[in-house]
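Asker: pasting the sequence and the predicted coordinates here, then a few questions.
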Amino acid sequence: QLQLVESGGGLVEPGGSLTLACVGSGFNFGYYYTVGWFRQAPEKGREGVSCIRIGDGSTNYEDSVKGRFTISRDSAKNTVYLQMNNLKPEDTAVYYCAAGGYVDVATWISPDEYDYWGQGTQVTVSS
């Protein structure tokens with residue numbers, strides 16, 4: 001069974017850090033795959049946060065997280081990480097990882113580009 005499994009969410013104070021992990025189960029993140037992180041806050045749509053291309057390691061970030069979040073991959077572990085620093089209350093959301101083959105670099109932020117999704121992990125930033 002093909003699935004993505006996220007972990008690492010939790011409650012953190014503003015300015016704190018968390019690292020999310022996404023493991024591919026039942027399939028490998030192949031050379032042409034793109035793995036993305038999305039988030040969805042209550043009563044809001046799902047928005048793209050960041051993505052990484054497994055083949056060359058190139059990355060994209062949504063403007064509000066640039067300089068604070070870092071996406072990386074460990075191919076040996078079939079895992080993609082999202083390091084989140086200087087967290088803000090507005091980062092509070094359910095975070096999802098997603099994987100897709102041949103994701104267009106111009107539309108990486110669209111959920112429609114991705115074929116597989118995890119179940120999500122809650123991140124809450126609050127004092």
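Answerer: Alright, I've got the coordinates.

Asker: secondary structure class for A106?
Answerer: What DSSP: H, G, I helix; E, B strand; the rest coil gives for A106 is helix.

Asker: next, count neighbours for it.
Answerer: Other residues lying near A106 total 8 when counted by other C-beta atoms under 10 Å. Placement of C-beta: from N, CA and C, glycine included.

Asker: pLDDT score assigned to it?
Answerer: pLDDT recorded at A106 is 86.

Asker: for the residue positioned nearest the centre of the chain, helix, strand, or coil?
Answerer: The geometric centre of the chain, computed from its C-alpha atoms, lies nearest to W37 (C-alpha atoms, centre = their mean), at 2.0 Å. For W37, the secondary-structure state derived from three-state DSSP is strand.

Asker: can you check the one 5 residues further on too?
Answerer: Each residue gets one of three states, and P42 gets coil by three-state DSSP.

Asker: look at it and report its pLDDT.
Answerer: pLDDT for P42: 91.

Asker: ok, it - contacts?
Answerer: With contact set as C-beta atoms under 8 Å, 6 or more residues apart in numbering, P42 has no partners.

Asker: list the buried residues for the host helix or strand of E6?
Answerer: Using DSSP states H and E, E6 sits within strand 3-7. Residues of strand 3-7 classed as buried: L4, E6 (neighbour count, 16 or more other C-beta atoms under 10 Å).

Asker: that older thread, ok, now how distant is the residue nearest to the centre of the chain from Y81?
Answerer: The spacing between W37 and Y81, counted by C-beta to C-beta, to the nearest Å, is 9 Å.

Asker: ok, T59 next?
Answerer: T59 is 12 Å from Y81, by C-beta to C-beta.

Asker: between the two, which one's more packed in?
Answerer: Per other C-beta under 10 Å, whichever of T59 and Y81 has more neighbours is Y81, with 20 against 16.

Asker: so that one makes contact with Y95?
Answerer: No. Between Y81 and Y95 there is no contact under C-beta atoms under 8 Å: 11.9 Å.

Asker: shared neighbours of the two, which are they?
Answerer: Between them, Y81 and Y95 share the contacting residues L20, judged by C-beta under 8 Å, 6+ apart.

Asker: and V65, what does it touch?
Answerer: V49, S50, M84, D91.
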